[in-house]
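Student: model the following, please.
(3 chains)
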Amino acid sequence: MVQTRRIELKTKGNCDIIDITRQVAHEVAQTGMKNGTVTVFVPGSTGGVTTVEYESGLVSDLRGLFDRVVPTNIPYQHDRRWGDGNGHAHVRASLLGASLTVPFVNKRLTLGTWQQIVFLDFDNRPRSRQLVLQIMGE
Amino acid sequence: MVQTRRIELKTKGNCDIIDITRQVAHEVAQTGMKNGTVTVFVPGSTGGVTTVEYESGLVSDLRGLFDRVVPTNIPYQHDRRWGDGNGHAHVRASLLGASLTVPFVNKRLTLGTWQQIVFLDFDNRPRSRQLVLQIMGE
Amino acid sequence: MVQTRRIELKTKGNCDIIDITRQVAHEVAQTGMKNGTVTVFVPGSTGGVTTVEYESGLVSDLRGLFDRVVPTNIPYQHDRRWGDGNGHAHVRASLLGASLTVPFVNKRLTLGTWQQIVFLDFDNRPRSRQLVLQIMGE
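Tutor: Residues are numbered from 1 along each chain as shown, chains lettered A, B, ... in the order given. Now for the predicted structure:
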């Protein structure tokens, strides 16, 4: 069985990190499926998905990682060509990845106690986002 | 329902970044499945898969990321032991990841408008590659 | 068809890198399914999963990557707030990712010859871990 759900988000951009765990869990529960996987997919090239212990210290530390590894203040060919100013956002998104697959068992996500699913919006402006949840199971 | 397809690629190696979106979409369409997921898997340890807006600026910027973060010109224990000269390629591949799962709905991949699926060949020489597509759905 | 299996591990922490290929292959074979995918999921926020050619040189090189990119000796807000001393472990885990999906065909994982599935324990102490394998197919 396959069901597609979507999550709507308003973000601030600029490495906004949003906890979507509750929404993902809710959509999985709504399907009535007992066991399977939910694939959280970002249909766009300036956002990514991963998991983290969602507390303000780590939210800040994760932003620090991207500031170090994919800085905003180095030249990007993308910006030279297109003038978007968001070359770093694209590179960060490609590095982090657009998909995460989380198992569920007895209708519950198999996350750890201190583990949340997060969407990271790397774009350089506020965005309205729609994430795709592909829920497969029985 | 499960169907396995394979994509054949000739690459230049050395961080060659190849847009495989059309081939993945084609293989998904060929299955006749309406809704599900395609897992793009790299059966090898010197390549990876992700998504990016495929234009020459970002292709260059993405290469720049790997040159900064996993440089070719630092010592690798792998090279010291095996003399392959591709230690950086292995490390890059492990960092980026060997699998990407993309949902499809009504026979269409749920990619963003400016988002392509890419294979990155990090090896230090041209390669012939075969990627695995595991397509599951109904 | 969906079957959930679990793998138990004892790790040394501190970027311990453990080859779990044999255990994953064994659990897949035990299901009796012929074709499908196994999603290896880390239910915790200080470990990650990827693939690598598992030899001691690359194990060392992969540790070197994380030491460079997410150093232990820079300040983390997580540590300032919670005093855990494992802020770097959380950030490394978020970067690498908690899920990997590997296809299997005719009961065999479609891994490359020199490609192993590894669990990385980034925490700053030995841990007992339980990974989730969600095996789906037919």
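
Student: can you find the helix or strand of chain A with the lowest average pLDDT?
Tutor: Every helix and strand in chain A was compared by mean pLDDT, DSSP states H and E; the lowest is helix A:77-82, with a mean of 95.

Student: how about residue A:43, phi and psi?
Tutor: Reported as degrees, to the nearest 10, the phi and psi values for residue A:43 are phi -90, psi 80.

Student: what's residue A:120 in contact with, if anything?
Tutor: Listed by CB atoms under 8 Å, 6 or more residues apart in numbering or on different chains, the contact set of residue A:120 reads A:15, A:16, A:17, A:18, A:47, A:48, A:49, A:50, A:62, A:92, A:96. Just so you know, the C-beta spots here come from the backbone N, C-alpha and C atoms, and that holds for glycine as well.

Student: distance check, it against residue A:16.
Tutor: Residue A:120 is 7 Å from residue A:16, where distance means CB to CB, to the nearest Å.

Student: could you give the angle of the biggest helix by length in chain A to helix C:56-69?
Tutor: If you go by DSSP state H, chain A has its longest helix at helix A:56-69. Interaxial angle, helix A:56-69 versus helix C:56-69 (axes from the mean of the first three to the mean of the last three CA atoms, to 10 degrees): 100 degrees.

Student: name the residues of helix A:56-69 that are buried.
Tutor: By 16 or more other CB atoms under 10 Å in any protein chain shown, the buried positions in helix A:56-69 come out as A:57, A:58, A:59, A:60, A:61, A:62, A:63, A:64, A:65, A:66, A:69.

Student: do the same with stretch A:131-138
Tutor: A:131, A:132, A:133, A:134, A:135, A:136, A:137.

Student: residue A:130: neighbour count?
Tutor: The burial count assigned to residue A:130 is 13, neighbours taken as other CB atoms under 10 Å in any protein chain shown.

Student: I'd assumed it was in a helix, is it?
Tutor: No: the assignment for residue A:130 (DSSP: H, G, I helix; E, B strand; the rest coil) gives strand, which keeps it out of a helix.

Student: in helices, which of the contacts of residue A:120 appear?
Tutor: A:62, A:92, A:96.

Student: can the least confident helix or strand of chain A be said to contact chain B?
Tutor: Yes: against chain B, helix A:77-82 shows contacts by CB under 8 Å from any CB of the partner chain at A:77, A:78, A:79, A:80, A:81, A:82.

Student: and those, which of them are buried?
Tutor: Taking 16+ other CB under 10 Å as the criterion, what is buried in the residues of helix A:77-82 next to chain B is A:77, A:78, A:79.

Student: on that earlier part again, return the member of the residues of helix A:77-82 next to chain B nearest to residue C:40.
Tutor: Checking these against residue C:40 by CB to CB gives residue A:78 as the nearest, at 33.3 Å.

Student: look up how far chain C lies from the closest one.
Tutor: Using CB to the nearest CB, to the nearest Å, one gets 22 Å for the distance from residue A:78 to chain C.

Student: now do the contacts for that residue.
Tutor: Contacts for residue A:78 (CB under 8 Å, 6+ apart) come out as A:84, A:86, A:87, A:90, B:53, B:55, B:57, B:58, B:61.

Student: one step back: among the buried residues of helix A:56-69, which ones lie close to chain B?
Tutor: With CB under 8 Å from any CB as the criterion, the buried residues of helix A:56-69 include residue A:69 near chain B.

Student: now render the buried residues of helix A:56-69 as CSV, adding pLDDT.
Tutor: Output for these, formatted as CSV (pLDDT from 0 to 100):
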residue, pLDDT
A:57, 98
A:58, 98
A:59, 98
A:60, 98
A:61, 98
A:62, 98
A:63, 98
A:64, 98
A:65, 98
A:66, 98
A:69, 98
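
Student: before we move on, the earlier item: determine which two of the contacts of residue A:120 are furthest apart.
Tutor: Using CB to CB, these reach their maximum pairwise distance at A:18 and A:92, which is 15.1 Å.
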